[in-house]
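*Asks:* Fold the following, please.
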Amino acid sequence: MSVPGPKDLLVRLHELTLSSPAATADLYAEDGVHELPFAPSGVPVRLAGREALRQAMAAQEAAPSRVRYDGFDQVEIWETTDPDVVLAEYDICGTVTATGAPFRLRQVLLLRARAGEIVLTRGYLNPAALAAVLSPT
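*Replies:* Purely as a prediction, here's the structure:
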């Protein structure tokens, strides 16, 4: 059985984000990191370690969610000169649960893998657009 590469891990990350967000932590290395450098207030900028990711995702799943993720659209994946790194650009499509309003957020994601696990994801979203989706109605 082959070790999943960064493209495979990205596909699996998207699948689990839609079906079982807390399980996404299992894709990360023990020392894996998830970063959102432009996160709005109240959203963690950095989660370090698989268990920190697991706790954050489990808490997110347990709490009433302001959004439901419905899918990923216009996914483009670029390989880099580093075989462990891919860049992906895509739309995160979802629904604001309080209003039923659809949303679409464009993201660029850097994903670094090591030995079949994610060691880093760094997501770049428009902070104003993300804040607008997450703002109370």
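*Asks:* count of residues packed around residue 134?
*Replies:* Number of residues near residue 134 (other C-beta atoms under 10 Å) recorded here: 16. Yep, even glycine has a C-beta here, placed from its N, CA and C like the rest.
*Asks:* Run through the residues that contact it.
*Replies:* Shown in contact with residue 134 (C-beta atoms under 8 Å, 6 or more residues apart in numbering): 40, 42-43, 66-67.
*Asks:* Okay, it and residue 116: tell me how far apart.
*Replies:* As judged by C-beta to C-beta, to the nearest Å, residue 134 and residue 116 stand 33 Å apart.
*Asks:* what about dumping the CA coordinates of stretch 83-96 to PDB?
*Replies:* Taking C-alpha atoms only, stretch 83-96 is exported to PDB below (Å, rounded to 0.1, in the frame of the first residue of the first chain):
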ATOM      1  CA  PRO A  83       7.100  16.900  -3.800                       C
ATOM      2  CA  ASP A  84       5.700  17.100  -0.300                       C
ATOM      3  CA  VAL A  85       3.900  20.500  -1.000                       C
ATOM      4  CA  VAL A  86       0.900  21.400  -3.000                       C
ATOM      5  CA  LEU A  87      -1.000  24.600  -3.400                       C
ATOM      6  CA  ALA A  88      -4.700  24.500  -3.900                       C
ATOM      7  CA  GLU A  89      -7.300  27.200  -4.800                       C
ATOM      8  CA  TYR A  90     -11.000  26.500  -4.400                       C
ATOM      9  CA  ASP A  91     -14.300  27.800  -3.300                       C
ATOM     10  CA  ILE A  92     -15.700  26.600   0.000                       C
ATOM     11  CA  CYS A  93     -19.500  26.400  -0.500                       C
ATOM     12  CA  GLY A  94     -21.900  26.300   2.300                       C
ATOM     13  CA  THR A  95     -25.000  27.600   4.100                       C
ATOM     14  CA  VAL A  96     -25.400  30.000   7.000                       C
END
